[in-house]
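Asks: Give me a 3D structure for the following:
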Amino acid sequence: MTFRVTGSQPFTEEVRNLIKNKYEPKLQNIVWEGQEVQPPVVLPWYPGDLALQMNVGKHVIRKNKPFADFQKFLVAETNVGHICRQEAVSMIPPIVLDVKPHHTVIDLCAAPGSKTAQLLEFLHDTKDGSMPTGLVIANDSDAVRSHMLVHQVKRLASPNLIVSSHDAQLFPKIKTESGAFLQFDRVLADVPCSGDATMRKNINVWRDWNTGNGIGLHQTQLNILMRGVKMLKPGGRIVYSTCSLNPVENEAVVAEALRLSKGKLKLVDASSMLPGLKFRPGLSSWKVMNKSFQWITEPEEKHPKSLFPPAPEETELLNLNLCMRVYPHLQDTGGFFIAVFELEDDGRPSNKKQRVNDDDEAEPAPKPEINKKKLPRDANEEPFRFVKEDHEVLDSCYSFYDIKPEFARKALFVRNATGEPARIIYYLYPELRQYIELNEGRLKLVHAGIKMFAIQKNPGECQWRVQYEGLRVLFPYLTSNRVVRSGLESLKFLCENAFPKLDDIQDSEFKENVSRLSVGCAFLVVDNPESKENMLFPLWRGQNSINLMLPREDTMELLLRVFDIHVVINKGDGKAYAPKDPKPAEIDDKLAVYDNAD
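Replies: As a prediction, this is how the structure comes out:
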């Protein structure tokens, strides 16, 4: 089992320190049924020591208290996105892509979204906590999977994210305000593959594998890679990866891409970015076998020349040895293949000012056929419309919350055909607005930005409350008129009690500050001695009560992480109860969270 702590977030250091200082010491020197059980170990090649691997059977976790407690912590943190369960080798491509906060990035085959989440974490690694100026587009050809990946990444609450649904081979050009098409600094092509390197966890590989799998995917893989190259900015980087070990899906695709680029695309050595990772160099020779298990030595109709290894005189020019092959037996991981390319920068402007009437312009995107029964319940297929900057709803929100004018109104949009705020108002990093407005009918958009305001019918002055996922982005632009501060005890009180009466608040200073607020949404700042940053939460000030506006799983995680209290929240009376001992089946259900992950 491998997992990683979500990076570039306010809680990152706190969660990592809890694992290191609270849980890991209790998992040392444990002997179970005569055998020593190994504690979690850090993956040495993952930045910041944020990724760990643990080889522990379910029966140990079920019956050994230290491991059972650790498992409860992992489940709670996974539920709120602080920890991501992910195959170790699957973490490699985003690392070697080397994303910076100012980069424009596209993940061509993004679902289920674990790699996209990593890309966003690297994009938001601004060191000083400021917002990045770049962009991540997460694309997947399957519309249902595109909606599902939104759930994977929404906890990162990034206003710099756009999710689309296109065949990656035909991803359309994106118009910009300058008249040029958007070119990307970084492209990730983690392409569909036979998956034969997942033989340790995927029983279907043993049952269904045949030599035709890789051959059938070869051209699709090459098409996706070359589409990514075409969208790449000169001097940019593209990473090609598969969870296959078949050279037909790997080195053969890489070699043909290098040929087609006519010297402009070059493989680079990215091994220095992965200290401690054990791998083998790429292959320069291999054999091709047809579906009848016969070796083929010459190209034919169903077996094009690109399937075959390079000629001896070509081998040295291609440098296929710079590819990375990760084998399961080297470091107790799955298998994986990674190739890192850079596009030659000829010194000319990075964008050639290709105009929107170019001959190879993509056709407008047809409306996709989607099985709506398979979509998540909260999936939204309505169009994106930006709210008029002088709209009375925005005037009301800016006035009530005393939002500084620097918070761009032009970045606020809704999901309906009229452009009128009805239920939710979303926020997108302002510079990204052009990509949505100028590409309607061209981009099949699934999701963009974060929720900022939600309608709240109430007798107060403002009918819109600030959403939890948007608060950290909005907070620097707020004045103090709706902000109250408290210590940890008041936070604990609010976590354990739903809609408590103002008279029940024990902290007199906190009670006084809350009482002065008018009815409506407010903001709680809690000093956190375990973190460099304070905690921020939305509050609801009722007529005679107050409530912490957090999802149920966030409340439970907060109690466990900050107060070491494992509770069940009773929605009926709003009180917290210690949970009953779970039945073995319930424990198995929780463990399933970690059984199958990208």
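
Asks: Can you get me a residue count around the spatially closest residue to K404 that is not a sequence neighbour?
Replies: In this structure, K404 finds its nearest non-sequential neighbour in Y477, 4.4 Å apart by C-beta to C-beta, 6 or more residues apart in numbering. The C-beta positions use only the backbone N, C-alpha and C, and glycine is treated the same way. Neighbour count for Y477, taken as other C-beta atoms under 10 Å: 15.

Asks: Please parse the chain into its domains.
Replies: Domain ranges of the chain: 2-85, 88-343, 381-455, 480-566, per automatic domain parsing.

Asks: quick one: terminal-to-terminal distance for the last one?
Replies: Using C-alpha to C-alpha, to the nearest Å, the span of domain 480-566 from its first residue to its last is 33 Å.

Asks: shaky segments in the stretch 251-400 of the chain?
Replies: Low-confidence segments of the stretch 251-400 of the chain (pLDDT under 70): 347-380.

Asks: for the chain, same thing?
Replies: Scanning the chain for pLDDT under 70 picks out 347-380, 568-598.

Asks: Please list the outside residues in contact with stretch 94-101.
Replies: Identification of contacts with stretch 94-101 by C-beta atoms under 8 Å, 6 or more residues apart in numbering yields 45-47, 105, 115, 118-119, 122-126, 132-134, 185-186, 188, 237, 239, 270, 273-274, 338, 340.

Asks: Now that stretch - C-alpha only, CSV.
Replies: The C-alpha trace of stretch 94-101 is given here as CSV (Å, rounded to 0.1, in the frame of the first residue of the first chain):
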residue,chain,number,x,y,z
PRO,A,94,4.1,14.5,-12.6
ILE,A,95,7.5,14.7,-10.8
VAL,A,96,9.6,14.6,-13.9
LEU,A,97,7.3,16.9,-15.7
ASP,A,98,8.8,19.6,-13.5
VAL,A,99,5.7,21.9,-13.2
LYS,A,100,6.2,25.5,-12.0
PRO,A,101,3.6,28.0,-10.7
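
Asks: tell me which residues of that stretch are tucked away?
Replies: 94-99, 101 (16 or more other C-beta atoms under 10 Å).

Asks: what's the most distant pair in those?
Replies: The distance between the two most remote of the buried residues of stretch 94-101 (C-beta to C-beta) is 17.5 Å, for V96 and P101.

Asks: Could you pull out the strands in the stretch 201-350 of the chain for me?
Replies: With DSSP state E, counting those that start in this stretch as the criterion, the stretch 201-350 of the chain has strands at 232-242, 265-267, 280-281, 288-289, 295-296, 324-326, 336-343.

Asks: How about residues contacting the fourth one?
Replies: For strand 288-289, the surrounding residues in contact (C-beta under 8 Å, 6+ apart) are 211, 215, 248, 295-296, 303, 307-308.

Asks: roughly how far apart are the nearest residue to D49 once chain neighbours are set aside and A51?
Replies: Counting by C-beta to C-beta, 6+ apart, D49 lies nearest to V42, which is 4.8 Å off, once chain neighbours are set aside. Note on V42: its distance to A51, by C-beta to C-beta, to the nearest Å, is 7 Å.

Asks: the more surrounded of those two?
Replies: A count of neighbours by other C-beta under 10 Å puts A51 above the other of V42 and A51, at 21 against 17.

Asks: Who does the more buried one form a beta bridge with?
Replies: A51 has these beta-bridge partners by DSSP bridges: R4.

Asks: So it sits against R4, correct?
Replies: Yes - judged on C-beta atoms under 8 Å, A51 makes contact with R4 at a distance of 4.0 Å.

Asks: Just the ones in strands from the contacts of stretch 94-101, please.
Replies: Using DSSP state E, the subset of the contacts of stretch 94-101 located in strands is 105, 185-186, 188, 237, 239, 338, 340.

Asks: Okay, now stretch 526-542: how far is its last residue from its first?
Replies: Using C-alpha to C-alpha, the end-to-end distance of stretch 526-542 comes to 20 Å.

Asks: Then stretch 169-186?
Replies: Using C-alpha to C-alpha, the span of stretch 169-186 from its first residue to its last is 17 Å.

Asks: Over to stretch 316-330?
Replies: 27 Å.

Asks: Can you name the residues in contact with stretch 390-406?
Replies: Contacts for stretch 390-406 (C-beta under 8 Å, 6+ apart): 387-388, 407, 409, 412, 421, 425, 453, 461-464, 466, 474, 477-479, 481-482, 520-521.

Asks: Just send the strands of the stretch 201-350 of the chain back as a markdown table, with distance to E437 and mean neighbour count too.
Replies: Listed next are those as a markdown table, based on distance: least, C-beta to C-beta, whole Å; neighbours: other C-beta atoms under 10 Å:
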| stretch | distance to E437 | mean neighbour count |
| --- | --- | --- |
| strand 232-242 | 22 | 22 |
| strand 265-267 | 33 | 19 |
| strand 280-281 | 46 | 13 |
| strand 288-289 | 48 | 19 |
| strand 295-296 | 51 | 12 |
| strand 324-326 | 40 | 22 |
| strand 336-343 | 28 | 24 |
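
Asks: Make JSON lines from those strands and add distance to L432 to it.
Replies: As requested, the strands of the stretch 201-350 of the chain are exported to JSON lines (distance: least, C-beta to C-beta, whole Å):
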{"stretch": "strand 232-242", "distance to L432": "17"}
{"stretch": "strand 265-267", "distance to L432": "28"}
{"stretch": "strand 280-281", "distance to L432": "39"}
{"stretch": "strand 288-289", "distance to L432": "44"}
{"stretch": "strand 295-296", "distance to L432": "48"}
{"stretch": "strand 324-326", "distance to L432": "33"}
{"stretch": "strand 336-343", "distance to L432": "23"}
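
Asks: nearest to L502, of those strands?
Replies: Among the strands of the stretch 201-350 of the chain, strand 232-242 sits nearest to L502 (C-beta to C-beta), with 54.9 Å.

Asks: So what's the gap between the closest one and the chain middle?
Replies: Here strand 232-242 is found 19 Å from its chain centre; the criterion is C-alpha atoms, centre = their mean, to the nearest Å.

Asks: now do stretch 226-245
Replies: 19 Å.

Asks: swap in stretch 384-400?
Replies: 29 Å.

Asks: next one: stretch 136-145
Replies: 12 Å.

Asks: Can you give me the end-to-end span of it?
Replies: Counting by C-alpha to C-alpha, you get 17 Å between the two ends of stretch 136-145.

Asks: Need the residues that contact it.
Replies: Applying C-beta under 8 Å, 6+ apart, the contact partners of stretch 136-145 are 105-113, 116, 119-120, 123, 146, 149, 153, 158, 160-168, 171, 368, 370-371, 374-375, 444, 446.

Asks: mind running it again at 7 Å?
Replies: Stretch 136-145 is contacted from outside by 105-113, 116, 119-120, 123, 146, 149, 153, 160-168, 171, 368, 370-371, 374-375, using C-beta atoms under 7 Å, 6 or more residues apart in numbering.

Asks: So which of the residues you listed are in helices?
Replies: Using DSSP state H, the subset of these located in helices is 116, 119-120, 123, 146, 149, 153.

Asks: Quick check: the closest residue to L43 other than its chain neighbours vs D128, distance?
Replies: Leaving aside its chain neighbours, L43 sits nearest to A51 (4.2 Å; criterion: C-beta to C-beta, 6+ apart). The gap separating A51 from D128 is 24 Å, by C-beta to C-beta.
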